[in-house]
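**Q** Predicted model and sequence follow; I will ask about them next.
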Amino acid sequence: MSSTQGKTITCRAAVSWEPKKPLSIETVEVAPPQAGEVRVKITHSAICHTDAYTLGGNDPEGLFPCILGHEAAGIVESVGEGVTEVQPGDKVIPCYQAECRECKFCLSNKTNLCGKVRPATGNGVMLNDRQSRFSINGKPIYHFMGTSTFSEYTVVHAVSVAKVNPEAPLEKICLLGCGIPTGLGAVWNTAKVEAGSTVAVFGLGSVGLAVAEGAKAAGASEIIGIDIDVSKFELAKNFGVTKFINPKDHQQPIQQVIVDMTDGGVDYSFECIGNVDIMRAALECCHKGWGVSVIVGVAAAGKEISTRPFQLVTGRVWKGTAFGGFKSRSQVPDLVEKYMKKEIKVDEYITHNLPFSKINEGFELMHGGKCLRCVLHMDE
Ligand SMILES: NC(=O)c1ccc[n+]([C@@H]2O[C@H](COP(=O)([O-])OP(=O)(O)OC[C@H]3O[C@@H](n4cnc5c(N)ncnc54)[C@H](O)[C@@H]3O)[C@@H](O)[C@H]2O)c1
Ligand SMILES: N[C@@H](CCC(=O)N[C@@H](CSCO)C(=O)NCC(=O)O)C(=O)O
Ligand SMILES: [Zn+2]
Ligand SMILES: [Zn+2]
């Protein structure tokens, strides 16, 4: 039993007091886990574009003050009543997409969504008592995505934590909490890309590069990468991209450029930016009769997608994916094993490492475009 079990822990967390403002490292109180909850010592947390999206005030579910962060790894500190699947000392990855294995979503093989804790996590609280486990001088601070990993300690629902190989390096596998599984799964689970297919990937950040990696592994014959940042192109070759397009080099709409260069369009396309105009282009660059376009990017509050219905009448399919369709608790440990066997890349996505105290520099790096993933070392 740890010396902190059942007690409130006082530790550092990066608090987002209001949208569009830098995060502030504060001393927070983290209450003990209640029934069905787990308190985790976060050792490493990466920064995903979605953290910046919510901090930017673009998330309709964004609540402030909150503790952001959802791509992380750590070690179980203590567990609440009734928790049997993990115990103190276990290495874990918090999963913003829960898996209770009981709800109608979990019992369906058609989705990885879970309904159990989602109403609570969308409101920044825990399911048990609809309260936050974080506070500063008695003032509650909201949770984010059921994970809040920009804190040295966090409390998550037991259905939102995947136990992984104890040999796995936490400073690397933290990336398996979001971006890489999302890209790989968009290809393998959502689109189910077949060998010989042609693929277009819009946006060559970590998510788009993981799509390219997944498409290469699936045997795609051509993988076209589209990005306005030319510095991404050389890098993208290592992830399987075979051709590059910078939309700024073309007068015509980008969908027309792709249709012309692929004899009528690609078999599969993926939007990994969060821009509704590009979502339309991604659908319309797909081949008549069978092309499938997957929306991966997260668009800002109030944005809507549109196209001519004729695009769908003539056989194109528009889909979306959350966490790449992976059932989190069951499949994240498998992804960790794949990494350990060198079957999937992880290290290659880490372009920067920073001490937790420099978290705002990490956000700046992401906005600068030169960073794929920045891993924050929580004890520094
Ligand atoms: N659906 C999910 O489960 C899920 C999971 C993780 C991330 N996301 C979302 O996926 C998106 C990508 O995340 P990321 O972390 O890779 O982001 P990122 O910011 O690292 O990458 C985005 C890339 O898009 C490029 N880009 C921006 N505008 C463009 C344009 N108009 N045309 C072409 N390229 C453009 C940028 O240069 C950059 O390379 C974000 O919207 C994020 O919120 C969704
Ligand atoms: N809260 C937003 C939507 C944000 C969103 O779509 N999140 C993705 C994960 S992004 C990870 O980087 C997701 O999985 N969504 C499904 C879910 O949240 O259950 C909004 O309200 O529009
Ligand atoms: Zn993410
Ligand atoms: Zn469920």
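**A** It's in. Predicted model, so just to flag it, every value in this text is computed and none were measured. Ligands and ions are numbered 1, 2, ... in the order given.
**Q** Assign a three-state SS to residue 270, would you?
**A** Per DSSP: H, G, I helix; E, B strand; the rest coil, the secondary structure class of residue 270 is strand.
**Q** Bridged to it, which residues?
**A** residue 201, residue 294 (DSSP bridges).
**Q** these two touch, right, it and residue 186?
**A** Yes: with contact defined as C-beta atoms under 8 Å, residue 270 counts as touching residue 186 (5.7 Å). Glycine gets a C-beta too; all of them are placed from N, C-alpha and C.
**Q** and for those two, which residues touch both?
**A** By C-beta atoms under 8 Å, 6 or more residues apart in numbering, residue 270 and residue 186 have these common neighbours: 211, 294, 296.
**Q** ok, now which ones touch the first one?
**A** Contact analysis of residue 211 by C-beta under 8 Å, 6+ apart lists 183, 184, 186, 187, 199, 201, 270, 272, 296.
**Q** for stretch 20-40, what is the average pLDDT?
**A** For stretch 20-40, mean pLDDT is 98.
**Q** For the protein, which segments count as helices?
**A** Ranges of helices within the chain are 49-55, 118-121, 170-173, 179-185, 206-217, 231-237, 254-261, 276-284, 310-313, 328-340, 359-368, based on DSSP state H.
**Q** Show me what counts as buried in the second one.
**A** Neighbour-count burial for helix 118-121 flags 118, 120, 121 (criterion: 16 or more other C-beta atoms under 10 Å).
**Q** care to break the chain down by domain?
**A** 9-177+346-377, 182-321 (automatic domain parsing).
**Q** check whether the shortest one contacts ligand 3.
**A** No: contact between domain 182-321 and ligand 3 is absent, the nearest approach being 6.9 Å (criterion: C-beta under 5 Å from the ion).
**Q** Tell me the gap between that domain and the middle of its chain.
**A** Chain-centre distance of domain 182-321: 18 Å, with C-alpha atoms, centre = their mean, to the nearest Å.
**Q** For the stretch 101-250 of the chain, list the residues in contact with ligand 4, please.
**A** 103, 106, 114, 116.
**Q** low-scoring stretches of the protein, by residue?
**A** Judged by pLDDT under 70, the chain has its weakly predicted residues at 1.
**Q** Show me which residues of it are close to ligand 2?
**A** Residues of the chain lying near ligand 2 by C-beta under 6 Å from any ligand atom: 48, 50, 59, 60, 61, 97, 113, 118, 178, 298, 322, 323.
**Q** And for the second one, the neighbour number?
**A** The number of residues packed around residue 50, counting by other C-beta atoms under 10 Å, is 23.
**Q** Identify the residues contacting the closest residue to it other than its chain neighbours.
**A** Of all residues not flanking residue 50 in the chain, residue 298 sits nearest, at 5.8 Å (C-beta to C-beta, 6 or more residues apart in numbering). Residues near residue 298 by C-beta under 8 Å, 6+ apart: 49, 50, 53, 274.
**Q** of all the helices of the chain, which lies closest to residue 38?
**A** Evaluated with C-beta to C-beta, the helices of the chain place helix 328-340 nearest to residue 38, the distance being 11.7 Å.
**Q** so does the closest one get close to ligand 3?
**A** No: Helix 328-340 stays clear of ligand 3 (C-beta under 5 Å from the ion), getting no nearer than 12.7 Å.
**Q** Could you count how many residues lie near the one residue in the stretch 151-300 of the chain that gets nearest to ligand 3?
**A** Closest contact between the stretch 151-300 of the chain and ligand 3, by C-beta to the ion, is at residue 178 (3.4 Å). Residues lying near residue 178 (other C-beta under 10 Å) number 30.
**Q** same thing with residue 367?
**A** For residue 367, using other C-beta under 10 Å, the count is 11.
**Q** Residue 66 versus the closest residue to it other than its chain neighbours, what's the distance?
**A** In this structure, residue 367 finds its nearest non-sequential neighbour in residue 52, 7.0 Å apart by C-beta to C-beta, 6+ apart. From residue 52 across to residue 66, the span is 14 Å (C-beta to C-beta, to the nearest Å).
**Q** Kindly report the same for residue 192.
**A** 36 Å.
**Q** Quick check: residue 87 vs residue 117, distance?
**A** Residue 87 is 20 Å from residue 117, by C-beta to C-beta.
**Q** Neighbour count for those two, which is higher?
**A** Taking other C-beta under 10 Å, residue 87 and residue 117 do not tie; residue 117 has more neighbours (22 against 12).
**Q** wait, doesn't the more buried one sit right on residue 160?
**A** Yes: the pair residue 117 / residue 160 is scored as a contact, 6.5 Å apart, by C-beta under 8 Å.
**Q** so what sits against both of those two?
**A** Common neighbours of residue 117 and residue 160 (C-beta under 8 Å, 6+ apart) are 98, 146.
**Q** what comes up buried for stretch 296-303?
**A** 296, 297, 298, 299.
**Q** scratch that, stretch 142-157 is what I was asking about
**A** Those would be 142-157, for stretch 142-157 by 16+ other C-beta under 10 Å.
**Q** From the chain's centroid, how far away is it?
**A** 15 Å.
**Q** end-to-end on that stretch?
**A** For stretch 142-157, the first-to-last residue distance is 15 Å (C-alpha to C-alpha, to the nearest Å).
**Q** can you offset everything so residue one is 287?
**A** Got it, first residue is 287 now, which makes that one stretch 428-443.
**Q** Is any residue of that stretch near ligand 3?
**A** No: shown here: stretch 428-443 not in contact with ligand 3 (C-beta under 5 Å from the ion), separated by at least 8.2 Å.
**Q** does any part of that stretch sit near ligand 1?
**A** No: judged by C-beta under 6 Å from any ligand atom, stretch 428-443 stays clear of ligand 1, getting no closer than 10.5 Å.
**Q** Is it possible to get a markdown table of the shared contacts of residue 556 and residue 472 that adds distance to ligand 1?
**A** Shown next, in a markdown table, are the shared contacts of residue 556 and residue 472 (distance: C-beta to the nearest ligand atom, whole Å):
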| residue | distance to ligand 1 |
| --- | --- |
| 497 | 9 |
| 580 | 9 |
| 582 | 5 |
